[in-house]
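Provide a 3D model corresponding to the input given below.
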Amino acid sequence: MPYLDEKFAEFEHLPNEEKIKRFARNGRLYDMIISQQLTRQILEDIYQLTNKLRQVSKSKAGSVFLQGLLCHKRAMLYFTQPSSRTYLSFENACHILGMRTTEIRDPRVSSEVKGESFDDSLRTFSSYTDLIIMRHVGANMAERAAWLLNTYSNRPVPVINGGSGNDQHPTQAILDVYTLQRSFENEGGLDGKTILMCGDLKRGRTVRSLSYLMKNFEGVRIIFAAPEPFQMKEDVLDFLERQGIPYTLETRALQNVLPEAHAIYMTRIQDEHDEVVGESSRVDTSKFKLGLVDMPMIKSSAIIMHPFPRRDEIEVTIDPDPRAIYWRQERNGMWTRAALIAYIFHADEEIMNY
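Numbering: from 1, shown residues only. Below is the predicted model:
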(Lines give C-alpha, C1' and ligand atoms only; values in the text may rest on other atoms or scores of the structure.)
Protein backbone atom coordinates (compact mmCIF):
# COMPACT_ATOMS: atom_id res chain seq x y z
CA MET A 1 0.00 0.00 0.00
CA PRO A 2 2.18 2.87 -1.27
CA TYR A 3 0.05 5.59 0.34
CA LEU A 4 0.38 4.09 3.84
CA ASP A 5 4.05 3.31 3.22
CA GLU A 6 4.70 6.99 2.47
CA LYS A 7 2.73 8.16 5.51
CA PHE A 8 4.50 5.73 7.82
CA ALA A 9 7.88 6.82 6.43
CA GLU A 10 6.99 10.35 7.53
CA PHE A 11 6.14 9.06 11.02
CA GLU A 12 9.36 7.01 11.23
CA HIS A 13 11.44 10.14 10.77
CA LEU A 14 9.82 11.96 13.68
CA PRO A 15 11.97 12.44 16.79
CA ASN A 16 11.41 9.78 19.46
CA GLU A 17 10.00 12.46 21.77
CA GLU A 18 7.15 13.03 19.30
CA LYS A 19 6.54 9.30 18.79
CA ILE A 20 6.37 8.77 22.54
CA LYS A 21 3.53 11.30 22.74
CA ARG A 22 1.62 9.34 20.09
CA PHE A 23 2.06 6.10 22.08
CA ALA A 24 0.45 7.62 25.20
CA ARG A 25 -3.11 8.50 26.27
CA ASN A 26 -3.74 11.31 28.74
CA GLY A 27 -0.06 11.34 29.63
CA ARG A 28 -0.05 7.63 30.44
CA LEU A 29 1.50 4.62 28.70
CA TYR A 30 -0.86 3.15 26.06
CA ASP A 31 1.23 1.37 23.39
CA MET A 32 4.51 -0.22 24.52
CA ILE A 33 6.77 0.01 21.49
CA ILE A 34 10.24 1.36 22.32
CA SER A 35 12.31 1.39 25.50
CA GLN A 36 12.70 5.16 25.33
CA GLN A 37 9.05 5.46 26.44
CA LEU A 38 9.92 4.14 29.88
CA THR A 39 10.74 6.64 32.60
CA ARG A 40 12.14 5.80 35.99
CA GLN A 41 8.71 6.44 37.50
CA ILE A 42 7.04 3.98 35.12
CA LEU A 43 9.73 1.39 35.82
CA GLU A 44 9.31 1.91 39.56
CA ASP A 45 5.52 1.60 39.26
CA ILE A 46 5.86 -1.65 37.30
CA TYR A 47 8.43 -2.93 39.82
CA GLN A 48 6.05 -2.35 42.74
CA LEU A 49 3.09 -3.69 40.77
CA THR A 50 4.98 -6.85 39.82
CA ASN A 51 5.87 -7.53 43.44
CA LYS A 52 2.25 -7.01 44.48
CA LEU A 53 0.95 -9.31 41.73
CA ARG A 54 3.24 -12.09 42.90
CA GLN A 55 2.15 -11.62 46.47
CA VAL A 56 -1.59 -11.54 45.68
CA SER A 57 -1.42 -14.60 43.41
CA LYS A 58 -0.10 -16.84 46.17
CA SER A 59 -3.59 -17.38 47.57
CA LYS A 60 -6.62 -18.82 45.82
CA ALA A 61 -8.70 -15.78 46.73
CA GLY A 62 -5.99 -13.51 45.34
CA SER A 63 -5.77 -15.45 42.09
CA VAL A 64 -9.54 -15.30 41.65
CA PHE A 65 -9.41 -11.55 42.27
CA LEU A 66 -6.71 -11.09 39.63
CA GLN A 67 -8.58 -13.21 37.09
CA GLY A 68 -11.60 -10.97 37.44
CA LEU A 69 -9.72 -7.77 36.64
CA LEU A 70 -9.60 -8.06 32.84
CA CYS A 71 -11.95 -10.96 32.18
CA HIS A 72 -13.93 -8.63 29.89
CA LYS A 73 -10.87 -8.09 27.65
CA ARG A 74 -9.39 -10.18 24.82
CA ALA A 75 -5.77 -10.27 23.63
CA MET A 76 -4.35 -11.24 20.25
CA LEU A 77 -0.87 -12.80 20.22
CA TYR A 78 0.46 -12.17 16.73
CA PHE A 79 3.82 -13.97 16.78
CA THR A 80 5.10 -14.55 13.25
CA GLN A 81 8.69 -15.00 14.46
CA PRO A 82 9.66 -18.14 16.41
CA SER A 83 9.30 -17.69 20.16
CA SER A 84 8.83 -19.81 23.23
CA ARG A 85 9.59 -17.77 26.38
CA THR A 86 8.17 -14.44 25.20
CA TYR A 87 5.05 -16.06 23.77
CA LEU A 88 4.35 -18.29 26.78
CA SER A 89 5.06 -15.56 29.30
CA PHE A 90 2.67 -13.16 27.56
CA GLU A 91 -0.02 -15.82 27.19
CA ASN A 92 0.18 -16.72 30.86
CA ALA A 93 0.40 -13.06 31.88
CA CYS A 94 -2.94 -12.54 30.12
CA HIS A 95 -4.42 -15.57 31.87
CA ILE A 96 -3.29 -14.32 35.29
CA LEU A 97 -5.46 -11.25 34.66
CA GLY A 98 -8.37 -13.25 33.25
CA MET A 99 -7.90 -12.17 29.62
CA ARG A 100 -8.91 -14.57 26.88
CA THR A 101 -6.28 -15.02 24.17
CA THR A 102 -6.21 -15.88 20.49
CA GLU A 103 -3.13 -16.40 18.39
CA ILE A 104 -1.52 -16.45 15.00
CA ARG A 105 1.97 -17.94 15.12
CA ASP A 106 2.36 -18.79 11.45
CA PRO A 107 1.38 -16.31 8.69
CA ARG A 108 0.76 -19.29 6.41
CA VAL A 109 -2.50 -19.92 8.26
CA SER A 110 -3.68 -16.31 7.88
CA SER A 111 -5.02 -14.39 4.92
CA GLU A 112 -1.56 -13.00 4.29
CA VAL A 113 -0.97 -16.04 2.07
CA LYS A 114 -3.84 -14.72 -0.08
CA GLY A 115 -2.13 -11.39 -0.43
CA GLU A 116 -3.68 -9.50 2.48
CA SER A 117 -1.46 -6.66 3.64
CA PHE A 118 0.07 -6.41 7.11
CA ASP A 119 -1.98 -3.25 7.64
CA ASP A 120 -5.30 -4.91 6.82
CA SER A 121 -4.43 -7.89 9.03
CA LEU A 122 -3.81 -5.55 11.99
CA ARG A 123 -7.08 -3.75 11.40
CA THR A 124 -8.84 -7.11 11.37
CA PHE A 125 -7.24 -8.14 14.67
CA SER A 126 -8.32 -4.89 16.30
CA SER A 127 -11.93 -5.64 15.35
CA TYR A 128 -11.98 -8.73 17.56
CA THR A 129 -9.58 -7.99 20.41
CA ASP A 130 -8.71 -5.31 22.96
CA LEU A 131 -4.92 -5.74 22.87
CA ILE A 132 -2.43 -6.83 20.22
CA ILE A 133 0.86 -8.33 21.39
CA MET A 134 3.15 -8.90 18.46
CA ARG A 135 6.56 -10.28 17.56
CA HIS A 136 7.83 -9.76 14.03
CA VAL A 137 11.04 -10.45 12.14
CA GLY A 138 10.80 -7.06 10.45
CA ALA A 139 12.26 -3.93 12.05
CA ASN A 140 9.76 -1.28 13.21
CA MET A 141 6.71 -3.45 12.50
CA ALA A 142 5.30 -3.02 16.01
CA GLU A 143 5.81 0.71 15.59
CA ARG A 144 3.93 0.57 12.31
CA ALA A 145 1.09 -1.37 13.92
CA ALA A 146 0.68 1.18 16.72
CA TRP A 147 0.88 4.08 14.26
CA LEU A 148 -1.65 2.47 11.94
CA LEU A 149 -4.23 1.72 14.63
CA ASN A 150 -3.84 5.14 16.22
CA THR A 151 -4.17 6.93 12.90
CA TYR A 152 -6.29 4.91 10.49
CA SER A 153 -8.41 2.53 12.56
CA ASN A 154 -11.92 3.26 13.81
CA ARG A 155 -11.18 0.87 16.68
CA PRO A 156 -7.67 1.56 18.00
CA VAL A 157 -6.35 -0.89 20.59
CA PRO A 158 -3.02 -0.91 22.45
CA VAL A 159 -0.06 -2.64 20.82
CA ILE A 160 2.77 -4.25 22.79
CA ASN A 161 6.05 -4.94 21.04
CA GLY A 162 7.18 -8.49 21.87
CA GLY A 163 10.28 -8.14 19.70
CA SER A 164 10.72 -6.34 16.40
CA GLY A 165 13.55 -7.21 14.02
CA ASN A 166 16.98 -6.75 15.56
CA ASP A 167 16.08 -3.33 16.88
CA GLN A 168 13.96 -3.38 20.07
CA HIS A 169 12.52 -5.74 22.65
CA PRO A 170 11.21 -3.37 25.34
CA THR A 171 9.34 -5.88 27.50
CA GLN A 172 12.51 -7.97 27.80
CA ALA A 173 14.23 -4.79 28.98
CA ILE A 174 11.47 -4.28 31.56
CA LEU A 175 11.95 -7.76 33.01
CA ASP A 176 15.73 -7.31 32.90
CA VAL A 177 15.54 -4.07 34.87
CA TYR A 178 13.13 -5.70 37.31
CA THR A 179 15.61 -8.56 37.77
CA LEU A 180 18.45 -6.10 38.35
CA GLN A 181 16.41 -4.01 40.78
CA ARG A 182 15.30 -7.06 42.74
CA SER A 183 18.80 -8.51 42.82
CA PHE A 184 20.35 -5.29 44.14
CA GLU A 185 17.50 -4.10 46.36
CA ASN A 186 19.69 -4.51 49.46
CA GLU A 187 22.72 -2.92 47.78
CA GLY A 188 21.39 0.48 46.78
CA GLY A 189 19.47 -0.71 43.74
CA LEU A 190 20.70 -0.38 40.17
CA ASP A 191 22.23 3.07 40.69
CA GLY A 192 26.02 3.06 40.59
CA LYS A 193 26.36 -0.43 39.14
CA THR A 194 28.55 -1.61 36.27
CA ILE A 195 26.66 -3.68 33.71
CA LEU A 196 28.68 -5.92 31.40
CA MET A 197 26.94 -6.95 28.17
CA CYS A 198 28.57 -9.66 26.07
CA GLY A 199 27.85 -11.42 22.78
CA ASP A 200 26.17 -10.24 19.60
CA LEU A 201 25.59 -6.64 20.67
CA LYS A 202 25.25 -5.33 17.12
CA ARG A 203 22.13 -7.39 16.37
CA GLY A 204 20.89 -8.27 19.84
CA ARG A 205 17.68 -6.35 20.47
CA THR A 206 17.68 -7.29 24.17
CA VAL A 207 20.97 -5.52 24.92
CA ARG A 208 19.97 -2.57 22.76
CA SER A 209 16.70 -2.10 24.63
CA LEU A 210 18.35 -2.55 28.04
CA SER A 211 21.01 0.03 27.14
CA TYR A 212 18.32 2.62 26.43
CA LEU A 213 16.80 2.08 29.88
CA MET A 214 20.05 2.92 31.65
CA LYS A 215 19.19 6.60 31.17
CA ASN A 216 16.83 6.21 34.12
CA PHE A 217 19.53 5.36 36.67
CA GLU A 218 22.32 7.32 38.28
CA GLY A 219 26.00 6.42 38.06
CA VAL A 220 25.54 3.38 35.84
CA ARG A 221 28.48 2.29 33.68
CA ILE A 222 28.24 -0.15 30.77
CA ILE A 223 30.93 -2.45 29.37
CA PHE A 224 30.28 -3.86 25.90
CA ALA A 225 32.34 -7.02 25.34
CA ALA A 226 32.25 -8.53 21.86
CA PRO A 227 34.43 -9.21 18.85
CA GLU A 228 34.66 -6.11 16.66
CA PRO A 229 32.11 -7.36 14.05
CA PHE A 230 29.52 -7.85 16.83
CA GLN A 231 30.16 -4.67 18.80
CA MET A 232 27.34 -2.30 19.76
CA LYS A 233 26.13 -0.05 16.95
CA GLU A 234 26.77 3.67 16.84
CA ASP A 235 23.14 4.66 17.38
CA VAL A 236 23.13 3.20 20.90
CA LEU A 237 26.60 4.55 21.66
CA ASP A 238 25.53 8.01 20.51
CA PHE A 239 22.46 7.77 22.75
CA LEU A 240 24.61 6.86 25.77
CA GLU A 241 26.96 9.75 25.08
CA ARG A 242 24.07 12.21 24.88
CA GLN A 243 22.79 10.88 28.20
CA GLY A 244 26.22 11.13 29.83
CA ILE A 245 26.38 7.38 30.49
CA PRO A 246 30.00 6.11 30.43
CA TYR A 247 30.74 2.97 28.46
CA THR A 248 33.77 0.86 27.53
CA LEU A 249 34.26 -1.28 24.43
CA GLU A 250 36.16 -4.54 25.02
CA THR A 251 37.07 -6.39 21.82
CA ARG A 252 39.87 -8.69 23.03
CA ALA A 253 38.40 -11.04 25.63
CA LEU A 254 35.53 -11.19 28.10
CA GLN A 255 37.92 -12.19 30.88
CA ASN A 256 39.62 -8.78 30.73
CA VAL A 257 36.57 -7.06 32.21
CA LEU A 258 34.82 -9.74 34.29
CA PRO A 259 36.13 -8.52 37.68
CA GLU A 260 34.64 -5.05 37.12
CA ALA A 261 31.03 -6.12 36.65
CA HIS A 262 28.17 -6.12 39.13
CA ALA A 263 25.94 -7.75 36.50
CA ILE A 264 27.02 -9.86 33.51
CA TYR A 265 24.50 -10.08 30.67
CA MET A 266 25.41 -12.83 28.19
CA THR A 267 23.79 -13.23 24.77
CA ARG A 268 24.03 -15.65 21.88
CA ILE A 269 25.18 -14.92 18.33
CA GLN A 270 22.18 -13.82 16.25
CA ASP A 271 23.10 -15.71 13.09
CA GLU A 272 19.51 -15.68 11.85
CA HIS A 273 20.28 -12.08 10.85
CA ASP A 274 23.28 -13.02 8.69
CA GLU A 275 23.20 -11.26 5.34
CA VAL A 276 25.34 -14.07 3.92
CA VAL A 277 24.85 -17.68 5.05
CA GLY A 278 27.61 -18.70 7.47
CA GLU A 279 28.79 -15.12 7.96
CA SER A 280 28.69 -15.29 11.77
CA SER A 281 30.58 -18.57 11.97
CA ARG A 282 33.64 -16.91 10.46
CA VAL A 283 33.99 -14.63 13.50
CA ASP A 284 36.06 -16.01 16.39
CA THR A 285 33.88 -15.78 19.50
CA SER A 286 35.89 -18.20 21.65
CA LYS A 287 37.14 -15.43 23.96
CA PHE A 288 33.63 -14.18 24.69
CA LYS A 289 32.19 -17.22 26.43
CA LEU A 290 31.70 -17.81 30.13
CA GLY A 291 32.99 -21.02 31.67
CA LEU A 292 33.32 -22.51 35.13
CA VAL A 293 37.01 -21.61 35.12
CA ASP A 294 36.04 -17.92 34.95
CA MET A 295 33.84 -17.87 38.04
CA PRO A 296 36.61 -17.02 40.58
CA MET A 297 37.18 -13.78 38.63
CA ILE A 298 33.59 -12.60 39.20
CA LYS A 299 32.49 -10.62 42.25
CA SER A 300 30.83 -12.76 44.93
CA SER A 301 27.85 -10.36 44.88
CA ALA A 302 27.58 -10.20 41.07
CA ILE A 303 24.76 -11.71 39.03
CA ILE A 304 24.82 -13.47 35.67
CA MET A 305 21.90 -12.97 33.29
CA HIS A 306 20.86 -14.29 29.88
CA PRO A 307 17.69 -13.58 27.86
CA PHE A 308 17.72 -17.07 26.28
CA PRO A 309 17.87 -19.08 24.13
CA ARG A 310 21.47 -19.94 24.90
CA ARG A 311 23.97 -22.00 23.00
CA ASP A 312 27.52 -22.42 24.30
CA GLU A 313 28.18 -18.87 25.54
CA ILE A 314 27.46 -20.00 29.13
CA GLU A 315 28.54 -23.45 30.29
CA VAL A 316 25.73 -25.48 31.84
CA THR A 317 28.10 -26.26 34.72
CA ILE A 318 27.62 -22.65 35.90
CA ASP A 319 23.85 -23.11 36.42
CA PRO A 320 24.04 -24.24 40.10
CA ASP A 321 26.08 -21.17 41.08
CA PRO A 322 23.87 -18.75 43.10
CA ARG A 323 25.15 -15.89 40.96
CA ALA A 324 23.56 -17.48 37.87
CA ILE A 325 20.03 -16.06 38.01
CA TYR A 326 18.93 -16.45 34.39
CA TRP A 327 16.20 -18.98 35.21
CA ARG A 328 14.82 -16.60 37.82
CA GLN A 329 15.11 -13.83 35.22
CA GLU A 330 13.05 -15.93 32.82
CA ARG A 331 10.26 -16.44 35.39
CA ASN A 332 10.21 -12.72 36.05
CA GLY A 333 9.07 -12.22 32.45
CA MET A 334 5.55 -13.53 33.06
CA TRP A 335 5.03 -11.34 36.12
CA THR A 336 6.44 -8.13 34.69
CA ARG A 337 4.39 -8.58 31.52
CA ALA A 338 1.26 -9.13 33.60
CA ALA A 339 2.09 -5.94 35.47
CA LEU A 340 2.58 -4.05 32.21
CA ILE A 341 -0.78 -5.21 30.84
CA ALA A 342 -2.51 -4.29 34.10
CA TYR A 343 -0.81 -0.88 33.97
CA ILE A 344 -1.94 -0.23 30.37
CA PHE A 345 -5.55 -1.10 31.27
CA HIS A 346 -5.51 1.03 34.45
CA ALA A 347 -5.92 -1.97 36.76
CA ASP A 348 -2.78 -1.13 38.73
CA GLU A 349 -4.46 0.91 41.48
CA GLU A 350 -6.97 -1.84 42.14
CA ILE A 351 -4.16 -4.39 42.47
CA MET A 352 -2.06 -2.19 44.75
CA ASN A 353 -5.06 -1.59 47.01
CA TYR A 354 -6.00 -5.29 47.32
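
which stretches of the stretch 51-200 of the chain have low pLDDT?
107-109, 113 (pLDDT under 70).

what segments of it are strands?
74-79, 100-104, 131-136, 159-164, 194-198 (DSSP state E, counting those that start in this stretch).

give the other helices and strands that the third one contacts.
Counting contacts by 3 or more C-beta pairs under 8 Å, 6 or more residues apart in numbering; DSSP states H and E, the secondary-structure elements packed against strand 131-136 are strand 74-79, helix 85-96, helix 118-128, helix 141-152, strand 159-164. The C-beta positions use only the backbone N, C-alpha and C, and glycine is treated the same way.

circling back: make TSV out of the strands of the stretch 51-200 of the chain and add mean neighbour count and distance to T336.
Shown next, in TSV, are the strands of the stretch 51-200 of the chain (neighbours: other C-beta atoms under 10 Å; distance: least, C-beta to C-beta, whole Å):
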stretch	mean neighbour count	distance to T336
strand 74-79	23	16
strand 100-104	15	18
strand 131-136	24	14
strand 159-164	26	12
strand 194-198	24	18
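
L43: which of the ones you listed is closest?
Ranking the strands of the stretch 51-200 of the chain by proximity to L43 (C-beta to C-beta) places strand 194-198 first, at 15.0 Å.

partners of that closest one in the sheet?
strand 221-225 (parallel), strand 263-266 (parallel) (DSSP bridges).

which other residues reach that strand?
180, 207, 210-211, 214, 220-226, 232, 254, 257-258, 260-267, 288, 290, 313 (C-beta atoms under 8 Å, 6 or more residues apart in numbering).

how many residues are close by the closest residue to H306 other than its chain neighbours?
For H306, ignoring the flanking residues on the chain, the nearest one in space by C-beta to C-beta, 6 or more residues apart in numbering is Y326 at 4.1 Å. Other residues lying near Y326 total 19 when counted by other C-beta atoms under 10 Å.

let me know whether Y326 touches I304 as I believe.
Yes - with contact defined as C-beta atoms under 8 Å, Y326 reaches I304; the gap is 6.7 Å.

show me whatever sits in contact with both of the two.
I314.

circling back: would you reformat the strands of the stretch 51-200 of the chain as CSV and include distance to V64?
Shown next, in CSV, are the strands of the stretch 51-200 of the chain (distance: least, C-beta to C-beta, whole Å):
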stretch, distance to V64
strand 74-79, 20
strand 100-104, 16
strand 131-136, 22
strand 159-164, 25
strand 194-198, 39
